[in-house]
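1. After the sequence you'll find the predicted model.
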Amino acid sequence: MPEQQQSKRSPRLHVEGAILGYQRGLRNQNESVSLIKIKGVDSKADAEFYFGKKIAFITKGTAADKFGNKFRVNWGKVCRAHGSNGVVRCRFNRNLPPQAIGGKVRVMLYPSRV
């Protein structure tokens, strides 16, 4: 296909992630720190690339805002690794609700640390 006929798509700026739960011990859990498993990240060294990256937890509300948007976004940031299997600890502006466990997040590929 010639280049003129290809559709102009913006580059992908995020990676999918899954919410595993909260940071916890045997008897206590810390709801302000969420554990996220990023797709394609399987080691602590791989997780280091994502430190400081923004995370978006997107939900859909019933009422639209003044711009007609029904989506809500809770922003967070990757803080550090959790263990050696590529799980990361994240802090969000508002703590994630318990219903979010098992759900999806978008790990944005910005801001860059390069």
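-> Noted; the coordinates are in hand. Numbering: from 1, shown residues only.
2. buried residues in the helix or strand where residue 59 lies?
-> According to DSSP states H and E, residue 59 maps onto strand 54-60. Buried residues in strand 54-60, defined by neighbour count with 16 or more other C-beta atoms under 10 Å: 54, 55, 56, 57. C-beta coordinates here come from the backbone N, C-alpha and C atoms, glycine included.
3. if I pick the first one, what's in contact with it?
-> Looking back up the chat, that one is residue 54. 75, 76, 77, 107, 108, 110, 111 (C-beta atoms under 8 Å, 6 or more residues apart in numbering).
4. List only buried entries from the residues you listed.
-> Here, 16+ other C-beta under 10 Å leaves 76, 77, 107, 108 buried among the contacts of residue 54.
5. Columns secondary structure on top of those, output as CSV?
-> What follows is those, written out as CSV (DSSP: H, G, I helix; E, B strand; the rest coil):
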residue, secondary structure
76, strand
77, strand
107, strand
108, strand
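6. hmm, back to that, now the buried residues of strand 54-60 as JSON lines including distance to residue 39 and pLDDT?
-> Output for the buried residues of strand 54-60, formatted as JSON lines (distance: C-beta to C-beta, whole Å; pLDDT from 0 to 100):
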{"residue": "54", "distance to residue 39": "16", "pLDDT": "98"}
{"residue": "55", "distance to residue 39": "13", "pLDDT": "98"}
{"residue": "56", "distance to residue 39": "15", "pLDDT": "98"}
{"residue": "57", "distance to residue 39": "15", "pLDDT": "98"}
